[in-house]
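Chemist: turn this into a structure:
(one chain, ligands or ions: 1)
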Amino acid sequence: MRGKILRFVCAAAGLSIVLTAVFTYFAVYWDYTAAVKQELAVESAYIGTAVELSGPQYLESLSRTGVQDGTRSGGLPTRITLVAPGGQVLFDTSAGAESMENHLSRREIRDALETGTGRETRLSQTMRKQTYYYARMLQDGNILRTAKTTDSIFIALIRPVIITVLIAVFIFTAAAVISSKVTGMLVESINRLNLDNPGDNDTYEELSPLLSRMKKQNDMIAFQLSEQRKRQLQFTAITDNMREGLVIMDQNALVLSCNKSALKLLEVRLENIENQNVLVIRRDEAFRSVVEQAISGATAETLLASGAGHLRIFANPVLDNRTILGAVLLILDVTEQEDRERLRREFSANVSHELKTPLMTISGYAEIMAGGLAKPEDTGHFAQNIYGESQRLITLIGDILLLSRLDEKHEMPPAEKIALLSLTRTILERISGAAAERGLRIYLDGEEAEITGVQHILDEMLYNLLDNAVKYNRQGGEIRVSVKTTGDEVEISVADTGIGIAPSEQERIFERFYRVDKSRSKAAGGTGLGLSIVKHGAALHNARLKVYSDGISGSRFTLRFQKV
Ligand code: ADP
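Modeler: Below you'll find the model as predicted:
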């Protein structure tokens, strides 16, 4: 800036010096030459009158007195020439008239002969001098010519030009010093400005519009920043509360944003992964592949194992008019769905298997009987087997249907008040025959308690618990059932003195078709679905189901319901 100001000041000063000098010198020179010409005409008039009155000898006397050399008047010397009408020089103050050439060719002489007066200005051959001529015709027809010689315009300009150059040097130096001081002052006060609070500056008035514009812009930037921050906070609040993981990256796979769920689901232990390559999260082929596809503009999806679960990752490119700006990864925990899917697959495989066995038996006996291969004494036995397997099928299908209804939670009759002790008593009656066959003693104690529930589901749940207590009991054992109210809870407990359940099996027995001892369960007519029904039924009634057993001496199952 300093250089620019200096150049500008010097150019302005230089231009004004040159223009002023040129106009002034030309005006002065013009006036001066006009005065010389005027003086010549006046002198010519005086001398002409004197010559007409006194004759040419006046010129001789004038020459002797030295008036024409200008020393007395202090002006320029005047050369006086008298020329005859034919052009021969009769008298000249500077040279011998006889030696001078004919002057008829001189323009001022010719003009004077024609019009009475004539003027001419001639440059010397060296261009250094300039002579002004004035010629006048006298009454006797001779021509009186007066002339003055001055320096030519070129010579006259030398001194002023030198002076002008010196002045210019002085002015340029002064301009350089002054402009440097002034710009220094300006720059210093600009540097001292408090740009954070432009309104607080006490500086030149001329800077006020700039400062007020800066203040407005500062205010606007502050507003936009706070809006931006607010939006960022909202975005973080929303994404941090998402169950799904969200990772936003740029086209170079550098992480721009990553929510808490993503870090948790992907088991990232790093504090902050922003601005780091997304592959610091995972380096396995499947993850790398979806990231690469997304940042090259394609959508991709993959299923990854993470910890004990499964993650589904959807990768989408972020495009702006076909330009890839980056990509977004959406990470879902699909462990539950995957487990459910696995259970469903296992369940259908188990169902087919469980249905196939009795059907094969039924079909085998029926085939023998239809082919007339059965002995008459075996027919009753075969029919009994067919009936038994059919009952087994009916029970199995009933359990499957009930479980699927519990799964879907639809078509459930409305809940009603149920007297738990009375319900238990009716079920005990139903199993009393089987219990008696095995020599089991049954004890029921407690008092009546009401809960809210679905009658036939509760019936199934209690029946399965009591039926198991019979099936897995030892010959001549005991079954103890109690219903008691504690606080706002009603607990039913079914304890047996049977084979017990090892602690390692206690979680698995609630899985569908899981049996600790398959052959014993089948022999006892078990479907492997009883405890699954109890578990789902408990969930439907918001009841807590627990099993207690040391794996040797019996088991105890408890169900805790909310009291009405
Ligand atoms: P099942 O139809 O085979 O009885 P359940 O779902 O009712 O099927 O029970 C699953 C498994 O849990 C049984 O096969 C059995 O091994 C075990 N079990 C259930 N109840 C008892 C119990 N009271 N005592 C010992 N084992 C039991």
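Chemist: mind listing what the residue of the stretch 201-350 of the chain found nearest the ligand touches?
Modeler: Shortest the stretch 201-350 of the chain-to-the ligand distance, computed as CB to the nearest ligand atom: residue-wise this is residue 350, at 12.0 Å. C-betas here are computed from N, CA, C, even on glycine. Contact analysis of residue 350 by CB atoms under 8 Å, 6 or more residues apart in numbering lists 512, 513, 528.
Chemist: can I get these in JSON lines with pLDDT?
Modeler: Output for the contacts of residue 350, formatted as JSON lines (pLDDT from 0 to 100):
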{"residue": "512", "pLDDT": "91"}
{"residue": "513", "pLDDT": "92"}
{"residue": "528", "pLDDT": "94"}
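Chemist: which parts of the helix or strand harbouring the residue of the stretch 201-350 of the chain closest to the ligand are buried?
Modeler: For residue 350, the element it lies in under DSSP states H and E is helix 335-370. Going by neighbour count (16 or more other CB atoms under 10 Å), the buried part of helix 335-370 is 335, 338, 347, 350, 351, 354, 358, 361, 362, 365.
Chemist: close to the ligand: what parts of the stretch 451-564 of the chain are there?
Modeler: The stretch 451-564 of the chain has residues 464, 468-469, 471-472, 496, 498-499, 501, 509, 514-517, 521, 526-532, 555 near the ligand, with proximity defined as CB under 6 Å from any ligand atom.
Chemist: now the strands: where do they sit in the stretch 1-150 of the chain?
Modeler: 79-83, 89-92, 117-123, 129-137, 143-151 (DSSP state E, counting those that start in this stretch).
Chemist: so which of those strands is nearest residue 39?
Modeler: Relative to residue 39, the nearest member of the strands of the stretch 1-150 of the chain by CB to CB is strand 143-151, separated by 7.1 Å.
Chemist: give me the helices and strands touching that closest one, please.
Modeler: helix 2-54, strand 79-83, helix 107-115, strand 129-137 (3 or more CB pairs under 8 Å, 6 or more residues apart in numbering; DSSP states H and E).
Chemist: and these, which one averages the lowest pLDDT?
Modeler: Of all these, mean pLDDT reaches its minimum on helix 2-54 (a mean of 87).
Chemist: can you give me the end-to-end span of stretch 473-493?
Modeler: For stretch 473-493, the first-to-last residue distance is 16 Å (CA to CA, to the nearest Å).
Chemist: check which helix or strand covers residue 226.
Modeler: Residue 226 belongs to helix 208-240 when assigned by DSSP H and E.
Chemist: right, and the helix or strand after that helix?
Modeler: Following helix 208-240 toward the C-terminus (DSSP H and E): strand 245-250.
Chemist: which strands or helices does that following strand pack on?
Modeler: Secondary-structure packing of strand 245-250 (3+ CB pairs under 8 Å, 6+ apart): strand 255-258, helix 260-265, strand 323-333.
Chemist: I'd like these as a markdown table, with mean pLDDT and distance to residue 294 appended.
Modeler: Listed next are the helices and strands packed on strand 245-250 as a markdown table, based on pLDDT from 0 to 100; distance: least, CB to CB, whole Å:
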| stretch | mean pLDDT | distance to residue 294 |
| --- | --- | --- |
| strand 255-258 | 93 | 13 |
| helix 260-265 | 90 | 15 |
| strand 323-333 | 95 | 4 |
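Chemist: quick check: phi and psi on residue 524?
Modeler: Residue 524 adopts backbone torsions of phi -90, psi 0, taken as degrees, to the nearest 10.
Chemist: out of the helices and strands packed on strand 245-250, nearest to residue 105?
Modeler: Across those, residue 105 has its closest neighbour in strand 323-333 (91.4 Å, CB to CB).
Chemist: neighbours around the residue in the stretch 251-400 of the chain positioned nearest to the ligand, how many?
Modeler: When scored by CB to the nearest ligand atom, the stretch 251-400 of the chain has residue 399 as its residue closest to the ligand, at 8.2 Å. Applying other CB atoms under 10 Å, we find 21 residues neighbouring residue 399.
Chemist: distance check, the nearest residue to it once chain neighbours are set aside against residue 305.
Modeler: Distances taken as CB to CB, 6 or more residues apart in numbering place residue 529 nearest to residue 399, at 4.1 Å, with adjacent residues excluded. Distance, residue 529 to residue 305, using CB to CB, to the nearest Å: 30 Å.
Chemist: now swap in residue 312 and tell me
Modeler: According to CB to CB, residue 312 and residue 305 sit 11 Å apart.
Chemist: compare the two and say which is more crowded by neighbours.
Modeler: residue 312 (17 against 12).
Chemist: host element of the more buried one?
Modeler: Residue 312 belongs to strand 309-320, assigned by DSSP H and E.
Chemist: tell me which residues of that strand are tucked away?
Modeler: Applying 16+ other CB under 10 Å to strand 309-320 flags 310, 311, 312, 313, 314, 315, 316, 317, 318 as buried.
Chemist: can you check stretch 120-128 too?
Modeler: Buried-residue list, stretch 120-128, by 16+ other CB under 10 Å: residue 120.
Chemist: stretch 178-188 now?
Modeler: 179, 183, 186.
Chemist: and those as a markdown table, adding secondary structure?
Modeler: Listed next are the buried residues of stretch 178-188 as a markdown table, based on DSSP: H, G, I helix; E, B strand; the rest coil:
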| residue | secondary structure |
| --- | --- |
| 179 | helix |
| 183 | helix |
| 186 | helix |
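Chemist: now, which of those lie close to the ligand?
Modeler: Of those, not one also sits near the ligand (CB under 6 Å from any ligand atom).
Chemist: out of those residues, who's nearest the ligand?
Modeler: After measuring the buried residues of stretch 178-188 against the ligand - CB to the nearest ligand atom - the closest member comes out as residue 186, at 93.9 Å.
Chemist: tell me the spacing between the closest one and residue 47.
Modeler: 68 Å.
Chemist: ok, now residue 3?
Modeler: Counting by CB to CB, the separation of residue 3 from residue 47 is 64 Å.
Chemist: between the two, which one's more packed in?
Modeler: residue 47 (22 against 10).
Chemist: so who does that one touch?
Modeler: So residue 47 contacts 58, 59, 62, 80, 144, 146 (CB under 8 Å, 6+ apart).
Chemist: one more pass at 10 Å, please.
Modeler: Going by CB atoms under 10 Å, 6 or more residues apart in numbering, residue 47 touches 58, 59, 62, 67, 68, 78, 80, 82, 136, 138, 144, 146.
Chemist: wouldn't residue 143 be in contact with residue 51 here?
Modeler: No: using CB atoms under 10 Å, residue 143 is not in contact with residue 51, being 11.0 Å away.
Chemist: joint contacts of these two?
Modeler: Joint contacts of residue 143 and residue 51 (CB under 10 Å, 6+ apart) are residue 82.
Chemist: neighbour count winner among those two?
Modeler: Comparing residue 143 with residue 51 by other CB under 10 Å, the one with more neighbours is residue 143, at 29 against 22.
Chemist: show me this structure divided up by domain.
Modeler: Following automatic domain parsing, one gets these domains for the chain: 2-158, 196-238, 242-333, 338-404, 412-562.
Chemist: so where do the helices sit in the stretch 451-564 of the chain?
Modeler: All helices of the stretch 451-564 of the chain, identified by DSSP state H, counting those that start in this stretch, fall at 455-471, 518-523, 530-540.
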